[in-house]
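**Student:** Here is a sequence together with a model predicted from it:
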Amino acid sequence: MNSRNPLKEPADDTTGRAPDGQADAVRQPRGVEQHGVEPVPLEQRTVGWWDLFQILINVLLNPGLILIGGLSVVAGLSFWAAVFAQVFAIVITFVAYTIMGTVGVDYGLPGIVSTRAFLGISLSRWILSALRAVSSAFFFAFQTLAGALGIKAVLAQLFGVDLSLILVSVVFAVFQAVVALFGYNSLKWLSKIAFPLKVVILGYLLVVMAGHDAPGFSPGEVFAYKGEVGWEWPVVAVWVNTIAAGWFSQVTDAADYCRYTRSRKHMWIGTMAAAVIGTAGAGFFGAYAAAATLGEKSNPFEIIPELGAGTWTLLMVLIVLVLDNWTINVLNLYTGGLSLANLATRLGRFWSTLAIAVAGTLLAAMPAVVNDVNEAFGAIGSVFGPVSGVIVADYLVLKRGKIDVAALFDPQGPYRYVGGVNVLALAWIVIGLGIYFLLPDWTIPVAATALLSAIGYAVTARLMPMRAIEGTKERT
Ligand SMILES: O=c1cc[nH]c(=O)[nH]1
């Protein structure tokens, strides 16, 4: 076994390429990104940390996280406890995330395709990809609805109309879908424009809230807001778990954003800086508005239009909402599209993305999607916590950072395991899933099961002969 440090920059010879002419490289319509499930060639991996930072900070500074910042204050957290819950959850999650991001940098692969190596080709393609595709469509709808609530509030103030939430949400969903279809370059382009605008407008809206003369809105009052439960750990942990659960589902996709990045250092700096700053910003903004209402209301984009700040401010809310939704949802569709392309390889990235957009738009017509975020995010995290633990353990401990790229596309190769399934990995995912529902909230079940599954998988795999895990006997 290779004893090289798997998190050290690899020599170029570890950089995989799709085998020439391999069937999984599907030609896309003209004018859109051509790379689907196959690796991005080394010469195209040129993106620096600043571009990656802009893409990811736009992702983290999203309406969903802003809303969750507000919801956690409504649930009783103090202002600072709500901000802490966001940042802490993201830091935990991004440990796993940045490890799996190295797959994108080193091999140019989409994350979901790399999971063929860890879980077995069939388990990765038929189960994990389907789960991630469904959760991408769910998150697309969740973000759209979180934004649509604000748009509806702004339009009510601007034109005195009370539009149906479903109508606003569906029109908005279609609007967002278009950019995602074009692929990675559209992400870079969109992020560059959106980032400065979002920072300036969100800053302006904070000033509007801070200057509002009703009791509770001044910075001193908000920062001193204690909430009903303040810092009580069991409640803080519920929110840490909810936020972490949502982002653990992205660990399998971390490589998607990083596969055009020029080095691991650029990836680590761009990703971690964006994660911490973006989440702190989203939590701060959402918690500020909710704390200013003394925990009565949760969504800043519904609260601000009611402050009577005038047309200019309403327009600013509208612009930031559109940009904010767009930048996160383009990525939800992009990663969902790549997941579906891993499953239905003949479909290709473009048509897969379109399919996720249609599913997400249909879900965006169901306002229940935003009703119980703790339950819904928790259910997603119960699967993706253990999945993340197992894939990180397999990649780091067993494979020592080495992936045989050609074998990812060879159904009879080493990643076949037993009938296409790494049974040991599957067993630890199922064990983790079972344990998730037994653990009390204060343990942050998504992180706890990720850790347990990682340790359990790594230890049992070390104790078993590799032959047994890979099912070598069965094939010979
Ligand atoms: O929009 C979101 C939120 C959490 N996790 C995702 O994958 N997408």
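**Tutor:** Yep, that arrived. Residues are numbered from 1 along each chain as shown.

**Student:** SS state for L155?
**Tutor:** Of the three states, L155 takes helix according to DSSP: H, G, I helix; E, B strand; the rest coil.

**Student:** State the distance from it to Y457.
**Tutor:** In this view, L155 and Y457 are 50 Å apart by C-beta to C-beta, to the nearest Å. All C-beta spots, glycine's among them, are computed from the backbone N, C-alpha and C.

**Student:** Which of these two has more residues huddled nearby?
**Tutor:** Y457 (28 against 17; other C-beta atoms under 10 Å).

**Student:** What residues of the longest helix along the chain count as buried?
**Tutor:** The longest helix of the chain (DSSP state H) is helix 311-343. Buried residues in helix 311-343, counted by 16 or more other C-beta atoms under 10 Å: 313-314, 316-318, 320-343.

**Student:** Over to stretch 105-115?
**Tutor:** V105, D106, Y107, G108, L109, P110, G111, I112, V113, S114, T115.

**Student:** for that stretch, the distance to its chain's centre please.
**Tutor:** Here stretch 105-115 is found 16 Å from its chain centre; the criterion is C-alpha atoms, centre = their mean, to the nearest Å.

**Student:** now stretch 282-290
**Tutor:** The answer for stretch 282-290 is 20 Å, by C-alpha atoms, centre = their mean.

**Student:** which residues of the stretch 251-400 of the chain fall in strands?
**Tutor:** Read by DSSP state E, counting those that start in this stretch, the stretch 251-400 of the chain holds no strands at all.

**Student:** for it, what spans make up the helices?
**Tutor:** 254-258, 264-292, 300-303, 311-343, 348-363, 373-393 (DSSP state H, counting those that start in this stretch).

**Student:** circling back: so of the buried residues of stretch 105-115, which ones are in helices?
**Tutor:** Per DSSP H, the subset of the buried residues of stretch 105-115 in helices is V105, D106, Y107, G111, I112, V113, S114, T115.

**Student:** shouldn't the last one be in contact with S124?
**Tutor:** Going back to what we said before, that points to T115. Yes - using C-beta atoms under 8 Å, T115 is in contact with S124, at 4.3 Å.

**Student:** distance of A364 from the ligand?
**Tutor:** 12 Å (C-beta to the nearest ligand atom, to the nearest Å).

**Student:** cool, L333 as well?
**Tutor:** Note on L333: its distance to the ligand, by C-beta to the nearest ligand atom, is 10 Å.

**Student:** Next up, the contacts around the most centrally placed residue in the chain.
**Tutor:** Compute the mean C-alpha point of the chain, and by C-alpha atoms, centre = their mean the closest residue is Q250, 3.9 Å away. Contacts here follow C-beta atoms under 8 Å, 6 or more residues apart in numbering; on that basis Q250 touches T93, Y97, T335.

**Student:** do P305 as well
**Tutor:** P305 neighbours (C-beta under 8 Å, 6+ apart): G150, A153, V154, A156, Q157, L314, V317.

**Student:** In the stretch 151-300 of the chain, which residue sits closest to the ligand?
**Tutor:** Going by C-beta to the nearest ligand atom, the ligand is nearest to G246 of the stretch 151-300 of the chain, at 3.5 Å.

**Student:** can you give me phi and psi for that residue?
**Tutor:** Dihedral angles of G246 (phi, psi; degrees, to the nearest 10) stand at phi -60, psi -40.

**Student:** what's the distance between it and F88?
**Tutor:** 14 Å.

**Student:** who's more crowded, those two?
**Tutor:** G246 (27 against 20).

**Student:** what residues are up against the residue nearest to that one when sequence neighbours are not counted?
**Tutor:** Leaving out its chain neighbours, the residue that sits closest to G246 by C-beta to C-beta, 6 or more residues apart in numbering is F377, at 4.7 Å. Contacts for F377 (C-beta under 8 Å, 6+ apart) come out as T242, I243, A245, G246.

**Student:** V276 against I92, yeah?
**Tutor:** No - V276 is beyond contact range of I92, at 11.8 Å (criterion: C-beta under 8 Å).

**Student:** got any residues that touch both of these two?
**Tutor:** Overlap of the contact sets of V276 and I92 (by C-beta under 8 Å, 6+ apart) is empty.

**Student:** more neighbours, those two?
**Tutor:** Using other C-beta under 10 Å as the criterion, V276 and I92 rank with I92 on top: 21 against 16.

**Student:** Could I get the contacting residues of that one?
**Tutor:** V240, A244, I444, A447 are the contacts of I92 under C-beta under 8 Å, 6+ apart.

**Student:** so the third one touches V236, yeah?
**Tutor:** In this case it means I444. No - I444 lies out of contact with V236 (C-beta under 8 Å); the separation is 9.6 Å.

**Student:** same question for stretch 283-294, mean pLDDT?
**Tutor:** Mean per-residue pLDDT for stretch 283-294: 98.

**Student:** from the chain's centre, how far out does that stretch sit?
**Tutor:** Distance, centroid of stretch 283-294 to centroid of chain: 23 Å (C-alpha atoms, centre = their mean).

**Student:** now swap in stretch 400-407 and tell me
**Tutor:** 24 Å.

**Student:** try stretch 431-445
**Tutor:** Distance, centroid of stretch 431-445 to centroid of chain: 21 Å (C-alpha atoms, centre = their mean).

**Student:** just to revisit the earlier point, could you redo the contacts of Q250 as JSON lines and give each row distance to W49?
**Tutor:** Formatted as JSON lines, the contacts of Q250 follow (distance: C-beta to C-beta, whole Å):
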{"residue": "T93", "distance to W49": "19"}
{"residue": "Y97", "distance to W49": "15"}
{"residue": "T335", "distance to W49": "20"}
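
**Student:** So which of those residues is the closest to F172?
**Tutor:** T335 (19.7 Å; C-beta to C-beta).

**Student:** how about the nearest residue to the residue in the stretch 1-150 of the chain positioned nearest to the ligand, chain neighbours excluded?
**Tutor:** When distances are taken as C-beta to the nearest ligand atom, the stretch 1-150 of the chain reaches nearest to the ligand at F139, 3.4 Å away. Spatially, and ignoring its direct neighbours in sequence, F139 is nearest to N332 (4.8 Å; C-beta to C-beta, 6+ apart).

**Student:** Now do the same contact list for the one you found.
**Tutor:** S136, A137, F139, F140, Q143, I356, G360 are the contacts of N332 under C-beta under 8 Å, 6+ apart.

**Student:** For the third one, give me its contacts.
**Tutor:** It stands for F139. Contacts of F139 (C-beta under 8 Å, 6+ apart): G64, G246, S249, N332.

**Student:** nearest to P215, of these?
**Tutor:** G64 (28.9 Å).

**Student:** What is the helix or strand containing the closest one packed up against?
**Tutor:** Per DSSP states H and E, G64 falls inside helix 63-74. When contacts are defined as 3 or more C-beta pairs under 8 Å, 6 or more residues apart in numbering; DSSP states H and E, helix 63-74 packs onto helix 79-107, helix 129-159, helix 233-248, helix 264-292, helix 300-303, helix 311-343.
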